[in-house]
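**Q** Make a model of this:
(2 chains)
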Amino acid sequence: MRAPAHPSSALEGRALDGLVLVALFLAAWQGLHAYVGDSALTSPLQTLLYAASLAGRPTFWEHVRATLIAFGCAVALSIALGIVLGVVLGARRFAGDVAEPILVALYTIPKITLYPLMLLVFGLGLSAKVAFGVIHGVIPIILFALNAVKNIDPVLVRSARVMRLTPWQTAATVLAPAVMPELVTGVRVGFSLTMLGVLIGEMFASQRGLGFLIINGISLHNVRMTTAVILIIVVFAIAANGALLALDRRVHHAR
Amino acid sequence: MSRTAAVAWTRAAVIVGAVVLVELLCHSGVIDPLTLIPPSEMALALADLVASGRIADDIVQTFSTVATAFALSVAAGFLAGALLHALPRVRRAVDPLLASYYAIPFFVFYPLLIALFGLNTIPLVVIGFVFATAAMVISTLNGLDRVPPVLVKAARMLHLSPARTILLVTLPAAAPYLFTGLKLALAYSFIGVIAGEFILSGGGLGFSIAFAYTNFDNRTMYALMLFVLAVATVMNMGLHVWEQRLLRRRARA
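**A** Numbering: from 1, shown residues only, chains lettered A, B, ... in the order given. A predicted model of the protein is given here:
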């Protein structure tokens, strides 16, 4: 592959690629719509118009608010818990070696089967949604933080000691920058999975939130509603991930 | 005692200790039996369920769905990965798609899939397939990227035909990454199918768990949860052991 001559033309090329991808996707959607009809999938234009009309309804914003509150709590908890546990397990090598395979095993099990347990423990409502988001999102953050701390170059720690930095200075100027790139990657993965967990949580036992609107749309045969809400969620997910990915690339590149 | 042995024993002790702790908390009444039944009772309930044959149909349905989704996703993911590797221009274009693929909460599509295909196993296969394929594509690309150029050059010097180059050089060199892809695709198709069954379906293990939950049948629910978690754990551990063995053989070669 030839290196692009100008950075600006590379950027233009990427923007063009993105447009082509979106156009292909819309064409496939339109084709699928033409094939299955209105009762199963609304067309892109209809969906966009309906999504715009949803934005004018106060009841819709209540559902958005419910989802955002649950998601915000779940992300904050996942990140805080994940980083604390990951750093502790990474610093204590024996504990880390004991815990890592258990965490990897927990990561690959279908956590959705634990949903009834979450409901029985936390009851219906916000706390169950948050807990469900946290059990999805916290494990990747722990694993990334654990490996980041475990793999800190010992030379860095030794040079900090040679320079007689205080523990706080060491943490702030040496350790934090060293683990930051991996932490950002972990937070990005955890962010997506937390969102997945919260939405799944809303799809069952909840009367509010975007996940509820999707399931409700299906049981009321309101395909327009379901398609529009899915579109909104997917656009939000891709935009948030894009921003985190840009941050991710920047911190990895800075090293 | 060597360090690895100490780690393994501690890990076993932690797991056993956690189970015993839950057992004790349940028996002492700290944990309400309506919330959680003791692990020993879960195991007994599971033994009863298996002996009665009531869950045989669900097991067959879930695993055949998982197997279909897994096989399709591995085949499609490998082909797509190989194709993208051969076409760098296209690959550059779809790269952002692959990078944000798992940011999309795919289960929100499941109700739509039911509207498209009806309430049968097709939406389940599709959701498992969609969830698992990208992992296989990414692993295939990783594997093909890491085939050492010197091996390809050696194959050219030996005048191997393209088919023999792929069979004797490329595939074995990419094997560990392809194996990671298989492992992820299996875990993801399992998660996808169980989750779909749980959300909305007419049968299978996920459905039975949701059904037991709505009927307050805690014994059956926890027995089935134990079963699903045990199967997933055994499956992942088996693949992990196999992978380690493959890697060791490679290191020796």
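
**Q** So what's the residue count around B:L112?
**A** The number of residues packed near B:L112 is 19, by other CB atoms under 10 Å in any protein chain shown. (Glycine included, C-beta is placed from N, CA and C.)

**Q** need the contact list for it.
**A** A:A40, A:L41, A:I218, A:V223, A:T226, A:T227, A:I230 (CB atoms under 8 Å, 6 or more residues apart in numbering or on different chains).

**Q** next one: B:I15
**A** By CB under 8 Å, 6+ apart, the neighbours of B:I15 are A:I102.

**Q** The one 10 residues further on now?
**A** Shown in contact with B:L25 (CB under 8 Å, 6+ apart): B:I31.

**Q** so which of the contacts of B:L112 comes closest to A:L156?
**A** A:I230 (45.8 Å; CB to CB).

**Q** Look up the closest residue to A:V251, ignoring the ones flanking it.
**A** Nearest in space to A:V251, with sequence neighbours left out and distances taken as CB to CB, 6 or more residues apart in numbering or on different chains, is A:P181 at 4.6 Å.

**Q** Against chain B, how distant is that neighbour?
**A** To chain B, A:P181 is 16 Å away according to CB to the nearest CB, to the nearest Å.

**Q** SS state for that residue?
**A** Following DSSP: H, G, I helix; E, B strand; the rest coil, the label given to A:P181 is helix.

**Q** Can you report how many residues neighbour it?
**A** 20.

**Q** Repeat that for the one 3 residues further on.
**A** Other residues near A:V184 come to 19 when the count uses other CB under 10 Å.

**Q** in the helix or strand where it lies, what counts as buried?
**A** Assigned by DSSP states H and E, A:V184 belongs to helix A:176-203. Within helix A:176-203, the residues that qualify as buried by neighbour count (16 or more other CB atoms under 10 Å in any protein chain shown) are A:178-179, A:181-203.

**Q** Please give the centre-to-centre distance between it and its chain.
**A** Counting by CA atoms, centre = their mean, to the nearest Å, helix A:176-203 is centred 5 Å from the centre of its parent chain.

**Q** Name the next helix or strand following that helix along the chain.
**A** helix A:210-219.

**Q** coming back round to it: so what secondary structure elements neighbour the helix holding A:V184?
**A** Here helix A:176-203 touches helix A:58-91, helix A:115-122, helix A:126-150, helix A:210-219, helix A:223-254, helix B:171-199, going by 3 or more CB pairs under 8 Å, 6 or more residues apart in numbering or on different chains; DSSP states H and E.

**Q** so what does the fourth one touch, helix or strand wise?
**A** Contacting helix A:210-219 under the criterion 3+ CB pairs under 8 Å, 6+ apart are the following elements: helix A:58-91, helix A:176-203, helix A:223-254, helix B:110-117.

**Q** cool, and the shortest one?
**A** With contacts defined as 3+ CB pairs under 8 Å, 6+ apart, helix A:115-122 has these neighbours: helix A:126-150, helix A:176-203, helix B:205-214, helix B:218-252.

**Q** next one: that helix to chain centre, how far?
**A** Worked out by CA atoms, centre = their mean, helix A:115-122 lies 22 Å from the chain centre.

**Q** Show me which positions of it end up buried.
**A** So for helix A:115-122, counting by 16+ other CB under 10 Å, buried means A:Y115, A:P116, A:L117, A:M118, A:L119, A:L120.

**Q** which parts of the stretch 51-200 of chain A sit against chain B?
**A** Within the stretch 51-200 of chain A, the positions adjacent to chain B are A:94, A:97-99, A:101-102, A:104-105, A:108-117, A:119-121, A:189, A:191-192, A:195-196, A:199-200 by CB under 8 Å from any CB of the partner chain.

**Q** let's go with 7 Å and repeat that
**A** A:94, A:97-98, A:101-102, A:105, A:108-110, A:112-113, A:116-117, A:120-121, A:192, A:195-196, A:199-200 (CB under 7 Å from any CB of the partner chain).

**Q** and B:L87, backbone torsions?
**A** The phi/psi pair for B:L87 (degrees, to the nearest 10) reads phi -120, psi 80.

**Q** actually A:A40, not the one I typed
**A** phi -110, psi -30.

**Q** Do I have it right that it meets A:H221?
**A** No. If you go by CB atoms under 7 Å, A:A40 and A:H221 don't touch, sitting 10.1 Å apart.

**Q** quick one: contacts for the residue in the stretch 101-250 of chain A that chain B sits nearest to?
**A** Using CB to the nearest CB, A:N241 is the residue of the stretch 101-250 of chain A that sits closest to chain B, at 3.4 Å. The neighbours of A:N241, taking CB atoms under 7 Å, 6 or more residues apart in numbering or on different chains as the test, are A:R188, A:S192, B:S100, B:A103.

**Q** Could you rerun that using 8 Å?
**A** A:R188, A:F191, A:S192, B:A99, B:S100, B:A103.

**Q** Okay, buried residues for stretch B:138-152 please.
**A** B:I138, B:S139, B:T140, B:L141, B:N142, B:G143, B:L144, B:V147.

**Q** and these as TSV, adding distance to chain A, secondary structure and pLDDT?
**A** Shown next, in TSV, are the buried residues of stretch B:138-152 (distance: CB to the nearest CB, whole Å; DSSP: H, G, I helix; E, B strand; the rest coil; pLDDT from 0 to 100):
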residue	distance to chain A	secondary structure	pLDDT
B:I138	13	helix	91
B:S139	15	helix	91
B:T140	18	helix	93
B:L141	14	helix	91
B:N142	16	helix	88
B:G143	19	helix	89
B:L144	14	helix	90
B:V147	16	coil	87
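
**Q** could I get the residues you listed as a markdown table with distance to B:V90?
**A** Rendered in a markdown table, the data for the buried residues of stretch B:138-152 read as follows (distance: CB to CB, whole Å):
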| residue | distance to B:V90 |
| --- | --- |
| B:I138 | 15 |
| B:S139 | 18 |
| B:T140 | 14 |
| B:L141 | 12 |
| B:N142 | 17 |
| B:G143 | 18 |
| B:L144 | 14 |
| B:V147 | 20 |
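
**Q** Spell out which residues of the stretch 151-253 of chain B are next to chain A.
**A** Counting by CB under 8 Å from any CB, the residues of the stretch 151-253 of chain B that sit close to chain A are B:187, B:190-191, B:194-195, B:198-200, B:206, B:209-210, B:213, B:221, B:224-225, B:228-229, B:232-233, B:236-237.

**Q** Nearest residue to the residue in the stretch 51-200 of chain B positioned nearest to chain A in space, please, no chain neighbours.
**A** Evaluated by CB to the nearest CB, the stretch 51-200 of chain B has B:A103 as its residue closest to chain A, separated by 3.4 Å. In space, and not counting its chain neighbours, B:A103 is closest to A:N241: 3.4 Å by CB to CB, 6+ apart.
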